[in-house]
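J.: Quick one, structure for this:
(one chain, ligands or ions: 1)
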Amino acid sequence: MSLTAGWAGRWRADPGRVVLVDAADGRTVTARALDTRTAGVAARLSAVGVRPADRVLLSCGQSLETVIAYVGILRLGGVVVPANTAYTAGELGHIVADVRPVLAILDDPARASALPQPLPLGAHRADLTTLDGTSEGWAALDDAADEEPAMVAYTSGTTGRPKGAVLSQRNLSAGAEALVQAWGWTPDDRLVHALPMFHMHGLGAAINGSLTAGASMVVLPRFDPAAVADAAAAYDATMYFGVPTMYARLRDTGHLAALSGLRLLVSGSAPLDPVLFQAIAVQAGQAPIERYGMSETVMLTSNPLHGERRAGSVGRPLPGVHVRLGEGDGVEVTGPNVFGGYWERPEANAEAFTPDGWFRTGDIGELDADGYLRLVGRASDLVITGGYNVYPREVEDAVLEHPDVIDVAVVGVPDDTWGETVAAYVVLRTDLAADPAHAAQIGDALSAHVSSRLAAYKRPRRWTVVTDLPRNAMGKVRRDLLRTPPPAM
Ligand code: MLC
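T.: Down below sits the predicted model:
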């Protein structure tokens, strides 16, 4: 059964139930209305020529319309390609050239004019009011097969440009079902949803989990600590999902106590500092559940609903998921939630999977005696800032395009707010390096340079000019030596 067939069954069983609430204006959507409106989206997409298995780019902020567009694409059997709204034209252009969507749904359809070529079926707003041909087409709903692709989630890597993890209907439904089971998610739950709707946390865990459980969501247009606290109280919420940076902001603004009436607080996408874990436990009156997931796998492990929620651990494998430690204690996983491979990247797939078919997560782990997993490092140089993944290679490539730079290394350095923040060490052309006036201004010049190439969260916040990068005997940069915070320029 397709992911959305299960959702539609839930809606029809209890059509009058409110399933979506807009925290900004209190608008509600019942199950019946969600069924009708998402079927309408599927029909309109079908009427303009979108066919099952076609890719549809979705790059919109959080709103009821985004949820409806997302579900509508899935119901048609289309493949959702989520993209961060912060991406520059170059970053979006790469995804479009790679995955070749037929149509884009964008907050601002004008962004599409910066793409290398127009999309066959154009760019449209989330409410689809810009979609020509209002005639309702016929679309077969909810009949995609389990193994058919449902999402291509772009994620960077140590080499080259971002690649698309292809997730099937089954991957997404297994990922959602595991959470419903593990967290005792019921139709009576109501999630405060303040996460981006273009990454696995906001889509695969929050939306898919809610709809699979037959539960409801209060949608916030953006994360704001006071608004999260207000929404939790005003709409009788029971659950909140956040990245650690969000919990840190809730703590720092004194809003954690407002979450004490919720039955479940979940943290993911970045390591939850045990000090912050403790602050949540005390101020919100309950230990948060830290869990672990990835774009390629939906969710993998979680601390338990009943039983010890262990600070510094991401818990045990979710139902159906198997976790083992491979070479160098690399975390390897398998399960119905784990994707089948990257879009048109046979070489990356050969590296990503073990010969016996387990996915190499790139994280390094330790298993406690009772099976709780701790993530103790990463095989790759990935930086996680505020829950967003940044791959140094991509940032380094952008910095190296500046004519004054001959070498660069990008690392993540510890940061109180973001967990880690992006720092760059640059080696300038020798004729410039000797000039202190130039060295003093280069940080600004490089910031301006990368701002047209990289989304804001990927841009280095600290620039340090060095004469050489530390390297090992093999010539590889010793990033470990660069990770101590440098003085800001
Ligand atoms: C925003 N900025 C960031 C940033 N987010 N910089 C570094 N890291 C980030 N995460 C930039 C802004 O563009 C802005 O730049 C400046 O920082 C200040 O912005 P802000 O207004 O303070 O930030 P805000 O917009 O409030 O965003 C903070 C945030 C957001 C925490 C709400 O980062 C966020 O939504 N993070 C969640 C990411 C997420 O969903 N990850 C899930 C990935 S899925 P400037 O230049 O304009 O000043 C995954 C799998 C799994 O990992 O297991 O979940």
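J.: Tell me which helix or strand comes right after the helix or strand containing Ser46.
T.: Taking DSSP states H and E as the definition, Ser46 sits inside helix 31-47. Next helix or strand after helix 31-47 toward the C-terminus (DSSP H and E): strand 55-59.
J.: In terms of helix, strand or coil, where does the closest residue to Pro118 other than its chain neighbours fall?
T.: Nearest non-adjacent residue to Pro118, counting by CB to CB, 6 or more residues apart in numbering: Ala112, 7.2 Å away. In this view, the C-beta of every residue, glycine as well, is placed from N, C-alpha and C. Assigned by DSSP: H, G, I helix; E, B strand; the rest coil, the conformation of Ala112 is helix.
J.: residue contacts, Tyr268?
T.: Quick fix: residue 268 is Gly, not Tyr. His201, Ala205, Phe241, Val243, Glu290, Arg291, Tyr292, Gly293, Met299, Gly387 (CB atoms under 8 Å, 6 or more residues apart in numbering).
J.: Now the buried members of those.
T.: His201, Ala205, Phe241, Val243, Glu290, Arg291, Tyr292, Gly293, Met299, Gly387 (16 or more other CB atoms under 10 Å).
J.: wait, doesn't the fifth one sit right on Thr301?
T.: Spelled out, that is Glu290. No: judged on CB atoms under 8 Å, Glu290 makes no contact with Thr301 at a distance of 9.1 Å.
J.: which residues do these two both contact?
T.: Val314, Gly315.
J.: List, one by one, the residues from the stretch 301-450 of the chain near the ligand.
T.: Neighbours of the ligand within the stretch 301-450 of the chain, by CB under 6 Å from any ligand atom: Thr385, Gly386, Gly387, Tyr388, Trp418.
J.: Hmm, Gly40 and Gly72 touching each other?
T.: Yes: if you go by CB under 8 Å, Gly72 and Gly40 touch, sitting 7.3 Å apart.
J.: quick one, which of those two is more surrounded?
T.: Higher neighbour count among Gly72 and Gly40: Gly72, with 29 against 15, using other CB atoms under 10 Å.
J.: Look at the more buried one and give its secondary structure.
T.: helix.
J.: and the closest residue to Val21 other than its chain neighbours, what are its bridge partners?
T.: The shortest distance from Val21 to any non-neighbouring residue, by CB to CB, 6+ apart, is to Val218 (4.5 Å). Using DSSP bridges, the beta-bridge partners of Val218 come out as Val21, Val192.
J.: Domain parsing of the chain, as residue ranges.
T.: Domain segmentation of the chain under automatic domain parsing yields 3-373, 382-481.
J.: Any figure for the gap between the residue of the stretch 301-450 of the chain found nearest the ligand and Pro304?
T.: Taking CB to the nearest ligand atom, the ligand has its nearest neighbour within the stretch 301-450 of the chain at Gly386, 2.3 Å off. Distance of Gly386 to Pro304, given as CB to CB, to the nearest Å: 27 Å.
J.: do Phe359 as well
T.: 24 Å.
J.: Tell me which of those two has more neighbours.
T.: Phe359 (23 against 14).
J.: Would you mind listing where the chain has pLDDT under the threshold?
T.: Residues of the chain that meet the criterion pLDDT under 70 lie in 133-137, 157-160, 485-489.
J.: Find the residue at the geometric middle of it.
T.: Nearest to the mean C-alpha position of the chain, by CA atoms, centre = their mean, lies His199 at 2.6 Å.
J.: got the contact list for Leu400?
T.: Leu400 touches Asp407, Val408, counting by CB under 8 Å, 6+ apart.
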